[in-house]
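Trainee: sharing a sequence plus its predicted fold:
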Amino acid sequence: MSFLDKLKSRRSIYALGRNVNTDNSTIESVIKEAIRNSPSSFNSQSSRAVILFNGEHDAFWQIVEDTLRAIVPADAFAATEAKINSFRAGHGTVLFFEDQDVVKDLQEKFAAYADNFPIWSEQASGIAQHAVWLALADHNIGASLQHYNPIIDEQTMARWNLPASWKLRAQMPFGSIEAPAGEKAFMDDEERFRVFA
């Protein structure tokens, strides 16, 4: 399969299950390798990840549910709960962080680029997230990217005793693909690209 074929196979999968044929140690290794080999500005390696399986995976989505239950109107919560349950039904979750100590250190060392390092950190995080998504898809594991931060940050940091410098950027529930993604629409190329030769 070519890289572009693999790219096309990576879709947002919301119907997740726990019927994964890859063992957890292999999944862990795949995620680590994908992040380890993702580029970052100045080779800063600012991306961090927490990989959750089993009860830890469930505990994370309970944090999300409890947090949202406190702020979403009761009469509108059923749809929110159903969405959370679809993520909880998966096999695991990757929490993506960016280490702000790394960013601050680079800002001090390279003052001329200080304003750019937070931007470049976000770009590094996006690349790491995409790399993990592709790597999981390569093992026939579906995933989607979620963003419940920052409202869950405090509870998440406390639950797993994470360094204060880690800033939560995204959450990726993953698991077996219980139903395929729908058709994906693309805008016209003329609206997105300019080519000059």
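Mentor: In hand now; what should we look at? Given the structure is predicted, the values throughout are model-derived calculations rather than measurements.
Trainee: could you pull out the strands for this structure?
Mentor: Here the chain has its strands, by DSSP state E, at 16-17, 47-53, 92-99, 142-143, 166-177.
Trainee: what about the residue nearest to residue 107 when sequence neighbours are not counted, how many neighbours?
Mentor: In space, and not counting its chain neighbours, residue 107 is closest to residue 114: 4.2 Å by Cβ to Cβ, 6 or more residues apart in numbering. All C-beta spots, glycine's among them, are computed from the backbone N, C-alpha and C. When neighbours are counted by other Cβ atoms under 10 Å, residue 114 registers 14.
Trainee: relative to residue 125, how far out is residue 114?
Mentor: 19 Å (Cβ to Cβ, to the nearest Å).
Trainee: now swap in residue 57 and tell me
Mentor: Residue 57 is 21 Å from residue 125, by Cβ to Cβ.
Trainee: swap in residue 96?
Mentor: 6 Å.
Trainee: what's the answer for residue 170, then?
Mentor: 7 Å.
Trainee: give the residue from those two that has the larger number of neighbours.
Mentor: Of the pair residue 170 and residue 125, residue 125 is the one with more neighbours under other Cβ under 10 Å, namely 23 against 18.
Trainee: spit out the contact partners of the more buried one.
Mentor: 46, 47, 96, 98, 169, 170 (Cβ atoms under 8 Å, 6 or more residues apart in numbering).
Trainee: looking at these, spot the one nearest residue 36.
Mentor: residue 47 (9.2 Å; Cβ to Cβ).
Trainee: what's near enough to touch the closest residue to that closest one other than its chain neighbours?
Mentor: In this structure, residue 47 finds its nearest non-sequential neighbour in residue 128, 4.2 Å apart by Cβ to Cβ, 6+ apart. Contacts for residue 128 (Cβ under 8 Å, 6+ apart) come out as 34, 35, 38, 47, 49, 96.
Trainee: quick one, what contacts the fourth one?
Mentor: What that stands for is residue 47. 35, 38, 40, 96, 97, 98, 99, 124, 125, 128.
Trainee: dump the contacts of residue 128 to CSV, plus pLDDT and distance to residue 82.
Mentor: Formatted as CSV, those follow (pLDDT from 0 to 100; distance: Cβ to Cβ, whole Å):
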residue, pLDDT, distance to residue 82
34, 98, 30
35, 98, 31
38, 98, 33
47, 98, 31
49, 98, 27
96, 98, 24
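Trainee: could these go into TSV alongside distance to residue 25?
Mentor: Listed next are these as TSV, based on distance: Cβ to Cβ, whole Å:
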residue	distance to residue 25
34	15
35	16
38	21
47	21
49	15
96	20
